[in-house]
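Participant: All I have is the shape, not the residue letters:
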DNA sequence: CTTGACTCTCCCGTATATGGAGGGTGTATA
DNA sequence: TATACACCCTCCATATACGGGAGAGTCAAG
């Protein structure tokens, strides 16, 4: 029987860790002095410690190791645990690989002197959303203002409860020269009747929505679109539906294209190429 | 200005997380009510939050993100942080890859019905070690006993302080039929003179030592050697020096080949192929 | 005024240890 | 025998990035 320090030197596992393994029941000393609480280990416990280290090296949590060492597992259960571990490692490798790709894109941007783009893209999940909307073709985006007037007048007339920021859907797959197919939407709760012009429906939930925020005048929002489109392309995604433009902080007055305090969020549903 | 719940819904970041970011100074609400402590956020803070999320996606710790967002970093420093991150990710991928290989070896063993080998191999680092030794060629390993007698008699005569378990070095690169080149070593501290037969020297430190413990009679230690050799081969390592055999619990009597309580550790210095 | 949704702070828990304070123990040597 | 010094003990705190829940206060609508 040897004391903890010698056992630690033998195994190159720190005393603190050995005490911790004792505490969690993973490796109890063969004897603990009743009066001094000194821990005494036996040489043959070294093989159990090595088994613990080997399993830890495979990435198992100490609790899993406890169960594996308890010895009351069927071969099938053991196999299942190891297979689960294998799947987890594979999953992590995929994640790290994607992370690495993102880091390398950033590094290239820094090298090209872009320091750090003013636009940061995040991928969010979006829930289905009940909206009232007006959809029409207008010559250019700013003309959507008339649609907003129409929609808001209707909603106020029906005293609908608006449950989120207003947004516009851009239904054109390509950026048109003229004639934009735009749907202006207001999230609502409760029952609001539709009409020929006013469409009450649920926007679909989106598993992966690439999102960016544009702070500043609406007139310069094109930069945000460019940054987002580039990001989607560079990171190996593809746009799979109409873009959404959320008017988080509505300009003052609402049709002011140059209010520097406006805040918009642009969203595009995407999927991996 | 919006309350935390709305900001949370907008960003799909939990309220708890937002409060935590406030606490650690990563994202403070623009306003906190003096009386109610309610947090109020502004829409334009969403872009800062997105930047945080984007950097978190790259795997940066929140503290790193704080520094990156503080804005007082030179481009070079920023670049260095990102490069460091890149290196870390690569390192982790290498580790995970090795881990995966180990898990798959284990899985194959389980499938072949070996359940779990009785021998677990760990790689340790070994420090240089001062020893007194006697080296000679003996017909078979058990005959090393005579060398032990010689060494121990000398050490006791010089009242040397023995500082660790005795060990034997096997200098033959291949397993010989006859005539083993064995060096029996005793770790010592302090000054002990050498002689023609007694060599006092320092065993080299080893960066990677593959180790296994054999519990049981010395006569069956061959199994442990086999398991260790197989492991080294299967895991893509190579033996790069003489093996060491530590007599952790010396049999009783010392030359008893069948004491079931004996404990030995076998070590081989290795490197990646 | 009530109701129900919202928010606050505070405390605990996670996993795997590491570091330190303060105090007892074992052994070799002066 | 006294002392020095290495060794060991328990208890507490710390790190990450939050999540859960208790208990109490706040806000807006009806």
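Facilitator: Happy to help now that I have it. All figures in this text were calculated on a predicted structure; none of them were measured in a lab. Residues are numbered from 1 along each chain as shown, chains lettered A, B, ... in the order given.
Participant: Flag every buried residue along the helix or strand where residue A:125 lies.
Facilitator: In this assignment (DSSP states H and E), residue A:125 forms part of strand A:122-126. Neighbour counts over strand A:122-126 (16 or more other Cβ atoms under 10 Å in any protein chain shown) mark A:122-124, A:126 as buried. C-beta coordinates here come from the backbone N, C-alpha and C atoms, glycine included.
Participant: now do stretch A:151-163
Facilitator: Neighbour-count burial for stretch A:151-163 flags A:151-152, A:154-155, A:160 (criterion: 16+ other Cβ under 10 Å).
Participant: after the strand or helix carrying residue A:18, next one along is what?
Facilitator: Assigned by DSSP H and E, residue A:18 belongs to helix A:15-23. Going down the chain from helix A:15-23, the next helix or strand is strand A:31-32, by DSSP H and E.
Participant: Least confident secondary structure element in chain A?
Facilitator: strand A:161-162 (a mean of 86; mean pLDDT, DSSP states H and E).
Participant: Tell me if it is near DNA strand D.
Facilitator: No - under the criterion of Cβ under 7 Å from any atom of the strand, DNA strand D is not reached by strand A:161-162; the shortest gap measures 7.8 Å.
Participant: What about residue A:119, how many residues nearby?
Facilitator: Neighbourhood size, residue A:119 [other Cβ atoms under 10 Å in any protein chain shown]: 22.
Participant: Give the full set of residues in contact with the residue nearest to it when sequence neighbours are not counted.
Facilitator: With sequence-adjacent residues excluded and distances taken as Cβ to Cβ, 6 or more residues apart in numbering or on different chains, residue A:119 is closest to residue A:227, at 3.9 Å. Residue A:227 sits next to A:117-119, A:121, A:212 when contact means Cβ atoms under 8 Å, 6 or more residues apart in numbering or on different chains.
Participant: now swap in residue A:120 and tell me
Facilitator: Neighbouring residues of residue A:120 by Cβ under 8 Å, 6+ apart: A:212-213, B:47, B:50-51, B:53-54.
Participant: Let me have those residues in CSV, extended by distance to residue B:81 and pLDDT.
Facilitator: What follows is these, written out as CSV (distance: Cβ to Cβ, whole Å; pLDDT from 0 to 100):
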residue, distance to residue B:81, pLDDT
A:212, 23, 96
A:213, 24, 96
B:47, 21, 94
B:50, 19, 96
B:51, 14, 95
B:53, 17, 96
B:54, 14, 95
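Participant: Kindly indicate which of these lies nearest residue A:37.
Facilitator: The nearest member of the contacts of residue A:120 to residue A:37, counting by Cβ to Cβ, is residue B:53 at 48.5 Å.
Participant: quick one: is the helix or strand where the closest one lies near chain A?
Facilitator: Following DSSP H and E, one finds residue B:53 within helix B:45-57. Yes - on the criterion Cβ under 8 Å from any Cβ of the partner chain, helix B:45-57 is in touch with chain A at B:46-47, B:50-51, B:53-54, B:57.
Participant: Any part of stretch A:131-145 near chain B?
Facilitator: No - using Cβ under 8 Å from any Cβ, stretch A:131-145 never reaches chain B; the gap is at least 15.4 Å.
Participant: Could you list the buried residues of that stretch?
Facilitator: Buried residues in stretch A:131-145, counted by 16+ other Cβ under 10 Å: A:131-135, A:138, A:141, A:144.
Participant: and the angle from the helix holding residue B:53 to strand A:122-126?
Facilitator: 110 degrees (axes from the mean of the first three to the mean of the last three Cα atoms, to 10 degrees).
Participant: in helix B:45-57, what counts as buried?
Facilitator: Across helix B:45-57, burial judged by 16+ other Cβ under 10 Å covers B:45-55, B:57.
Participant: wait, does it contact DNA strand D?
Facilitator: Yes - legend: contact between helix B:45-57 and DNA strand D by Cβ under 7 Å from any atom of the strand is shown at residue B:56.
Participant: Which strands or helices does the helix or strand following that helix pack on?
Facilitator: As assigned by DSSP H and E, the chain's next helix or strand after helix B:45-57 is helix B:62-70. Applying 3 or more Cβ pairs under 8 Å, 6 or more residues apart in numbering or on different chains; DSSP states H and E, one finds that helix B:62-70 makes contact with helix B:45-57, helix B:75-111.
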